[in-house]
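Asker: model this:
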Amino acid sequence: MDGSKINNKSVNEEMLLEQGYRKYSGDGLDIYYSKDICAHIGNCVRGNPDVFEVGRRPWIIADNGSIEDDIRVIDTCPSGALKYIRKDEK
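Answerer: Here you go, the predicted structure:
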């Protein structure tokens, strides 16, 4: 799944926030998460526990991984609960 799109359309912050996603800011990448969509498959925490750690607050720290690795993990989310916006593409 492409974590930068919904229904083949590029996501933007306004769209994601309106749909109930929460923003986790990083220097080069913002990660968005929707608890209402999440199927709790765990690809994120297994994919990079330095970025995605359920017992920590905030549970997502985008800068604990590289932009490329964050995107790789987000793209494995089968439910679409994780999305991202690269800051260098705004």
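Asker: so who does A39 touch?
Answerer: Taking C-beta atoms under 8 Å, 6 or more residues apart in numbering, we find A39 in contact with 78-79, 81. C-betas here are computed from N, CA, C, even on glycine.
Asker: Narrow the residues you listed to just the buried residues.
Answerer: A81 (16 or more other C-beta atoms under 10 Å).
Asker: got CSV for the contacts of A39, with distance to N64 and pLDDT too?
Answerer: Formatted as CSV, those follow (distance: C-beta to C-beta, whole Å; pLDDT from 0 to 100):
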residue, distance to N64, pLDDT
P78, 22, 97
S79, 22, 97
A81, 19, 98
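Asker: Which of the contacts of A39 sits closest to G55?
Answerer: Proximity of the contacts of A39 to G55, judged by C-beta to C-beta, is greatest for A81, which lies at 18.1 Å.
Asker: in what helix or strand does D30 lie?
Answerer: Assigned by DSSP states H and E, D30 belongs to strand 29-33.
Asker: what lines up beside that strand in the sheet?
Answerer: strand 22-24 (antiparallel), strand 82-86 (antiparallel) (DSSP bridges).
Asker: re the thing from before, quick one: the contacts of A39 as a markdown table, columns for secondary structure and distance to I31 too.
Answerer: Listed next are the contacts of A39 as a markdown table, based on DSSP: H, G, I helix; E, B strand; the rest coil; distance: C-beta to C-beta, whole Å:
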| residue | secondary structure | distance to I31 |
| --- | --- | --- |
| P78 | coil | 16 |
| S79 | coil | 15 |
| A81 | coil | 11 |
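Asker: Which one of the contacts of A39 is nearest to R57?
Answerer: Taking C-beta to C-beta as the measure, R57 lies nearest A81 of the contacts of A39, at 18.0 Å.
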